[in-house]
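Participant: build me a model from this:
(one chain, ligands or ions: 1)
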Amino acid sequence: MPKEERPIIRTTAGNPVCDNQNSLTAGPRGPVVLEDHYLIEKLAHQNRERIPERTVHAKGWGAHGTLTITHDISKYTKAKVLQPGATCPMIARFSTVAGELGAADAERDVHGFALKFYTEDGNWDMTGNNTPVFFVRDPLKFPDFIHTQKRHPRTNLRSPTAMWDFWSLSPESLHQVTILMSDRGIPQAPMYMNGYSSHTYSLINAKNERIWVKMHFKTCQGHKFYTNAESMEVIGKSRESFQEALFGGIERGEYPKWKFQIQVMTDEQAEKFIFNPFDLTKVWPHADFPMIDVGILELNRNVDNYFSEIENLAFSPSNIVPGIGYSPDKMLQARIFSYADAHRYRLGTHYESIPVNRPKCPVYNYHKDGAMRTFRNDPGNPDCYYEPNSFNGPVEDPTCKEPPLKLDGYVDRYNHRDGNDDYTQPGNLFRIFSAQEKQNLFNNIADAMHGVPKEIIERQLVHFTKADPAYGEGARKALIAKGVLK
Ligand code: NDP
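Facilitator: Here you go, the predicted model:
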């Protein structure tokens, strides 16, 4: 473009800038004069370029896409976004959990699998992971767990001792530890992993009947993963391998897809289920709760601006639409609070009005003002700033009220480890691994335990053995073979 047709640089107030090369100085050797407000504006903006990175899930990759409903689950849900034939624009963000913003992509970690659907009833966020379970089942332990994944206060290094100390003292983590240390611990790129709601949610139909649900997004690209050795090689060449694969693939027109399926459980089945169906460390066996096809998720458009569309992207499990509800899962209950709170801190009170987070439907409520309230604080009529009012202000919609949830029992601090079987399901997973997958699991565990004190290793081996004696034995042999355990 000829220079005269290019846009003019302006200050943030819109005034044309005459010189973007030379500061305003007293004489050619300086000093700089205070009057150079454009220099000051540039430096001040640079100082404010960073926003707090996410405490967890800081490193992420995402893209826009579409959810298409191909099957009829209307007997379970009235959610408009889940009716047969519905298509809904959406955006996905995948992430590692522990690494900071600059961490390498191909690291062994649980991976976030967060989806925001822009439905006509507002945003529905599915803030899942690439694993169907989690390390802890009581949210009181979540900050402790995350501290073990982050840097040691003195060394400022990640600490395998802290990780295995916590895991070996928290048997409920064994299921997730087994998945993390398995082949699926290092996917090759987001397209090659499944997503799971992990939590139990509920679906509510047109008769206002509730059924419990778990959601699964199964990769159509197949599972592809790196071994530890391969990931080291990949990271040696590029720390951005996921971004390259996801962004590059979509640019080339290779649109990744996932099959959206659900499992459902009635109240009667929930009563009889051998485990607490709301325990985040457990899955629902496929044989008892078969998969039901729902639709296809496709990612087909890269973002135009990573910061404004991915860094500013804010998911919260509190964002649900009529026809989808929560469950008593204690971890879900905590996340309903914690995610929105994290965004208020990270992005500000009005984070939901940032374009990528803004619902596609009109939003009216009686919240007022605050920092960066750049949009009207009334529904078009300035007399409507309280409720009830006589000026046709927005009103509640009782049709989206959920059916009552029957609960019984006393308020208490119940020991979540009392009588809880933490070993059968990790053992079941171990037993479906091939001989090679088992050996990879043992080797990955041994690699991850370098430098961990013997008593912690021995305590963890007890858990592996309780899941399956061959699990404990194989892990011990690999630890000895790699010189980690004498
Ligand atoms: P199934 O044999 O019906 O299912 C086994 C599941 O294991 C499949 O979904 C498979 O995923 C998944 N799987 C295979 N390798 C791994 C791995 N390295 N990490 C995580 N998942 C893996 O058995 P059940 O339903 O009875 O479950 C048995 C065990 O399978 C469970 O204890 C649990 O650990 C694991 N699992 C179960 C899930 C469930 O919702 N029931 C979901 C995911 C795992 P895929 O279909 O992609 O091949």
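Participant: wait, what's in contact with residue 65?
Facilitator: By Cβ atoms under 8 Å, 6 or more residues apart in numbering, the contact list for residue 65 reads 89, 90, 91, 92, 255, 297, 298, 299, 300, 301. Where you see a C-beta, it was placed from the backbone N, CA and C, and this is true even at glycine.
Participant: the residue nearest to the fifth one when sequence neighbours are not counted sits in which helix or strand?
Facilitator: Distance criterion Cβ to Cβ, 6 or more residues apart in numbering; nearest residue to residue 255, sequence neighbours excluded, is residue 300 at 4.3 Å. Using DSSP states H and E, residue 300 sits within strand 292-301.
Participant: neighbouring contacts of stretch 367-382?
Facilitator: Under Cβ under 8 Å, 6+ apart, the answer for stretch 367-382 is 348, 349, 350, 353, 364, 384, 385, 391, 392, 393, 394.
Participant: name the residues of it that are buried.
Facilitator: residue 379 (16 or more other Cβ atoms under 10 Å).
Participant: rewinding a little: top of the contacts of residue 65 by neighbour count?
Facilitator: The most crowded member of the contacts of residue 65, judged by other Cβ atoms under 10 Å, is residue 92 (27 neighbours).
Participant: now do the contacts for the residue lying closest to residue 234 once chain neighbours are set aside.
Facilitator: Spatial nearest neighbour of residue 234, chain neighbours left out: residue 106 (4.6 Å); criterion: Cβ to Cβ, 6+ apart. Residues counted as contacts of residue 106 (Cβ under 8 Å, 6+ apart) are 186, 188, 226, 231, 234, 235, 241, 242.
Participant: make it 10 Å
Facilitator: The contact partners of residue 106, by Cβ atoms under 10 Å, 6 or more residues apart in numbering, come to 96, 186-189, 225-226, 230-235, 237-242, 245.
Participant: could you measure from it over to the ligand?
Facilitator: Going from residue 106 to the ligand by Cβ to the nearest ligand atom, to the nearest Å gives 17 Å.
Participant: and for residue 145?
Facilitator: Distance from residue 145 to the ligand, by Cβ to the nearest ligand atom: 19 Å.
Participant: that residue and residue 134 touch, don't they?
Facilitator: Yes: if you go by Cβ atoms under 10 Å, residue 145 and residue 134 touch, sitting 8.9 Å apart.
Participant: before we move on, back to that, and the pLDDT at the residue nearest to residue 255?
Facilitator: In this model, residue 300 is scored at 98, pLDDT.
Participant: list the beta-bridge partners for the most centrally placed residue in the chain.
Facilitator: With distances taken as Cα atoms, centre = their mean, residue 112 lies nearest the centre of the chain, 3.7 Å away. As for beta bridges, residue 112 partners with residue 95, residue 129 under DSSP bridges.
Participant: give the contact list for it.
Facilitator: 54, 56-57, 59-61, 92-97, 127-130, 190, 195, 315.
Participant: re the thing from before, which among the contacts of residue 106 end up buried?
Facilitator: 96, 186-189, 225-226, 231, 234-235, 239, 241-242, 245.
Participant: what is the most widely separated pair among these?
Facilitator: For those, with distances taken as Cβ to Cβ, the pair at the greatest spread is 225 and 239 (17.9 Å).
Participant: and the residue nearest to residue 234, that one's in a strand?
Facilitator: No: counting by DSSP: H, G, I helix; E, B strand; the rest coil, one finds residue 106 to be coil, located in no strand.
Participant: the residue in the stretch 51-200 of the chain that the ligand sits nearest to: neighbour count?
Facilitator: Nearest to the ligand, among the residues of the stretch 51-200 of the chain, is residue 182, at 3.5 Å (Cβ to the nearest ligand atom). Neighbours of residue 182 under the rule other Cβ under 10 Å: 20.
Participant: surely it meets residue 438?
Facilitator: Yes: contact criterion Cβ under 10 Å: residue 182 and residue 438 qualify, at 9.2 Å.
Participant: now the common contact residues for those two.
Facilitator: The contact lists of residue 182 and residue 438 share residue 430, where a contact means Cβ under 10 Å, 6+ apart.
Participant: show me what the top helix by length along the chain is packed against.
Facilitator: The single longest helix within the chain, with elements called by DSSP state H, is helix 330-347. Under the contact criterion of 3 or more Cβ pairs under 10 Å, 6 or more residues apart in numbering; DSSP states H and E, helix 330-347 touches strand 122-129, helix 142-149.
Participant: residues touching the residue of the stretch 51-200 of the chain closest to the ligand, list them.
Facilitator: Going by Cβ under 10 Å, 6+ apart, residue 182 touches 131, 225, 429, 430, 433, 437, 438, 440, 441, 444, 445.
Participant: which ChimeraX command selects the buried ones in the residues you listed?
Facilitator: Restricted to buried positions by 16+ other Cβ under 10 Å, the ChimeraX selection for those reads:
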select :131,225,429,430,433,438,440,441,444,445
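Participant: just flag the most distant two among the contacts of residue 182.
Facilitator: 131 and 438 (18.4 Å).
Participant: can you get me a residue count around the closest residue to residue 339 other than its chain neighbours?
Facilitator: Spatial nearest neighbour of residue 339, excluding adjacent residues (Cβ to Cβ, 6+ apart): residue 316 at 3.8 Å. By the measure other Cβ under 10 Å, the count of residues near residue 316 is 23.
Participant: with residue 109 instead?
Facilitator: 21.
Participant: check residue 55 too.
Facilitator: 13.
Participant: surely it is within a strand?
Facilitator: No: Residue 55: not assigned to a strand; according to three-state DSSP it is coil.
Participant: quick one on the thing from earlier: how distant is the helix or strand just after the strand holding residue 300 from the center of its chain?
Facilitator: Sequence order places helix 306 as the next helix or strand after strand 292-301, per DSSP H and E. Remark: helix 306 is offset 17 Å from the chain centroid, using Cα atoms, centre = their mean, to the nearest Å.
Participant: quick one on the thing from earlier: could you flag which of the contacts of stretch 367-382 are buried?
Facilitator: If we count by 16+ other Cβ under 10 Å, the contacts of stretch 367-382 have these buried: 350, 353, 384, 393, 394.
Participant: tell me the secondary structure at the third one.
Facilitator: For residue 384, the reduced secondary structure class is coil; criterion used: three-state DSSP.
Participant: can you map out the helices along the chain?
Facilitator: 37-47, 142-149, 160-168, 174-181, 228-237, 241-251, 267-272, 306, 330-347, 424-432, 435-448, 454-467, 469-481.
Participant: residue numbers of the chain in contact with the ligand?
Facilitator: By Cβ under 6 Å from any ligand atom, the residues of the chain that approach the ligand are 132, 175, 179, 182-184, 194, 218, 283-287, 425, 428-429, 432.
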